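> What follows is a predicted structure for the sequence shown.
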Amino acid sequence: MGVSRTKTVKNKHASNKSGISGSKASKSGPVDGIVKSRKKGPPPSSKPGKGKGLAALMNKKKKKTYTAEELGIPKLNMITPVGVEKPKGKKKGKVFVDDRESMNTILALVQADKEGEIESKMIKARQMEEIREARRVETEKKEQERKARLDETKESLRKKRKRTKADGAPDADEAAVRDAMTAGSKAAKPKKKRVAFA
Amino acid sequence: MRPLTEEETKTLFAKLANYTGSSLNNLIAPLEDGDRYVFRLQRDRVYYVLLSIANLATSIGRDKLLSVGTCLGKFSKTGKFRLHITSLPVLAAHARYKIWIRPNGTMPFLYGGNIVKAHVGRWSDDCPEHQGVVVYDMNDTPLGFGVTARSTGEARKLDPTGVVCFRQADCGEFLRDEDTLFAS
């Protein structure tokens, strides 16, 4: 880049026509009136300098500026209430349903929903009923089994006793038990001590 | 007064479908003379009204219009819909599940009590739990509506004092809630 030098003009009011002979302006021009043509070369420094400046400018323009939305930065203190937001291109206010077709559609949807709900409720109730019934049957069966076992043991005991009676000689144990039963609780009591004085 | 939005219509139909069967379609079917019934929202209340009458009612200011047609119920502030006893004629005509209560049970019900098993004369078969039912007396007069506490199968095993239906609305409300039924 060419360095442009600035000329210091001591007296800027002094011009060719100023009449001051010593001034630079009066010296600059040829006195004889013949002007030599100056070499017309390309101005070396100014053009490329200008181009670079433009490029820089372009670069500066091309630099993309991102908005907050593009960057996906969470918004801070930017909460807008639902009612305040107004979507563009949409009808303002509420959308009413007054024609039969749309009402029928809504009704069909709602009814299908309800039907499904009721159906599922019924199925659930039926399943629960089945489970309860199965549980009841199971407990009944268990109860019966227990009863049967009890009856069996009772029967076996009875048979045993009969057999021993048939033998004629009851064993000592059974005799002792019978004695105890007949005597009752009174017999088990020890005799009271008595004291006699002469 | 305005028509309902899509969401409101859905909420309303969902509530009505709790009590009614598939015949709910007849509610919005066109009449022979070309007129039809529509739903209209006035303040928070929903009215079931003939279209011709609804059109006539536009000549009355919102703040001056007290009621038009049959009031079905009201939207709560949270957007739920609550059926009023005034919707009983509409529900009774399209009821899916029904309970008939004996004469000894009508007064307890009309005074706001739930229905106990001892008061039930008969009821629809295969009714699931927590299902909307319309309550009738033995002469088939609709008295109100409620929600079943037990399914039909379970209720059979219940003792006589057990609750089988929770009351939602009864005709006694016409007197009890006279002040608030039409004006909020």
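Perfect, I can see it now. Numbering: from 1, shown residues only, chains lettered A, B, ... in the order given.
> Enumerate the positions of the helix ranked longest in chain B that are buried.
As assigned by DSSP state H, the longest helix anywhere in chain B is helix B:6-19. Buried positions in helix B:6-19, judged by neighbour count with 16 or more other C-beta atoms under 10 Å in any protein chain shown: B:8-19. The C-beta positions use only the backbone N, C-alpha and C, and glycine is treated the same way.
> which parts of chain A sit against chain B?
Proximity of chain A to chain B is confined to A:94-98, A:100, A:102-104, A:106-107, A:109-111, A:113-114, A:118, A:121-122, A:125, A:129 under the rule C-beta under 8 Å from any C-beta of the partner chain.
> again, only this time at 10 Å
A:93-100, A:102-115, A:117-126, A:128-129, A:132 (C-beta under 10 Å from any C-beta of the partner chain).
> Tell me the buried residues within these.
Of these, these count as buried by 16+ other C-beta under 10 Å: A:97, A:103, A:106-107, A:110-111, A:114, A:118, A:121-122, A:125.
> In TSV: the residues you listed, plus pLDDT.
Output for these, formatted as TSV (pLDDT from 0 to 100):
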residue	pLDDT
A:97	85
A:103	89
A:106	91
A:107	91
A:110	92
A:111	92
A:114	91
A:118	90
A:121	90
A:122	89
A:125	88
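> Among these, which ones are in helices?
Per DSSP H, those map to helices at A:103, A:106-107, A:110-111, A:114, A:118, A:121-122, A:125.
> quick one: low-confidence parts of chain A?
Within chain A, the ranges that satisfy pLDDT under 70 run A:1-62, A:68, A:74-76, A:78-79, A:82-87, A:165-190, A:198.
> Next, residue B:128: secondary structure please.
coil (DSSP: H, G, I helix; E, B strand; the rest coil).
> That one: neighbour count?
As a burial measure, residue B:128 scores 21 neighbours (other C-beta atoms under 10 Å in any protein chain shown).
> For it, which non-adjacent residue is closest in space?
If the residues on either side of it in the chain are set aside, residue B:128 comes closest to residue A:121, at 3.9 Å by C-beta to C-beta, 6 or more residues apart in numbering or on different chains.
> Does the one you found touch residue B:129 like I think?
Yes. Counting by C-beta atoms under 10 Å, residue A:121 touches residue B:129, with 6.6 Å between them.
> and for those two, which residues touch both?
Residues touching both residue A:121 and residue B:129 (C-beta atoms under 10 Å, 6 or more residues apart in numbering or on different chains) are residue B:151.
> hmm, back to that, against residue B:146, how distant is the residue nearest to residue B:128?
17 Å (C-beta to C-beta, to the nearest Å).
> thinking again about what came up before, ok, the buried residues of helix B:6-19 vs residue B:119, which is closest?
residue B:19 (20.0 Å; C-beta to C-beta).
> So, low pLDDT: which residues of chain B?
B:184.
> All the strands of it, residue numbers only.
With DSSP state E, the ranges of strands along chain B come out as B:2-3, B:37-42, B:45-50, B:70-75, B:81-83, B:98-101, B:115-116, B:120-123, B:132-137, B:142-148, B:163-170.
> Kindly reformat those as JSON lines containing distance to chain A.
As requested, the strands of chain B are arranged in JSON lines below (distance: least, C-beta to the nearest C-beta, whole Å):
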{"stretch": "strand B:2-3", "distance to chain A": "4"}
{"stretch": "strand B:37-42", "distance to chain A": "7"}
{"stretch": "strand B:45-50", "distance to chain A": "12"}
{"stretch": "strand B:70-75", "distance to chain A": "13"}
{"stretch": "strand B:81-83", "distance to chain A": "12"}
{"stretch": "strand B:98-101", "distance to chain A": "15"}
{"stretch": "strand B:115-116", "distance to chain A": "20"}
{"stretch": "strand B:120-123", "distance to chain A": "15"}
{"stretch": "strand B:132-137", "distance to chain A": "10"}
{"stretch": "strand B:142-148", "distance to chain A": "10"}
{"stretch": "strand B:163-170", "distance to chain A": "15"}
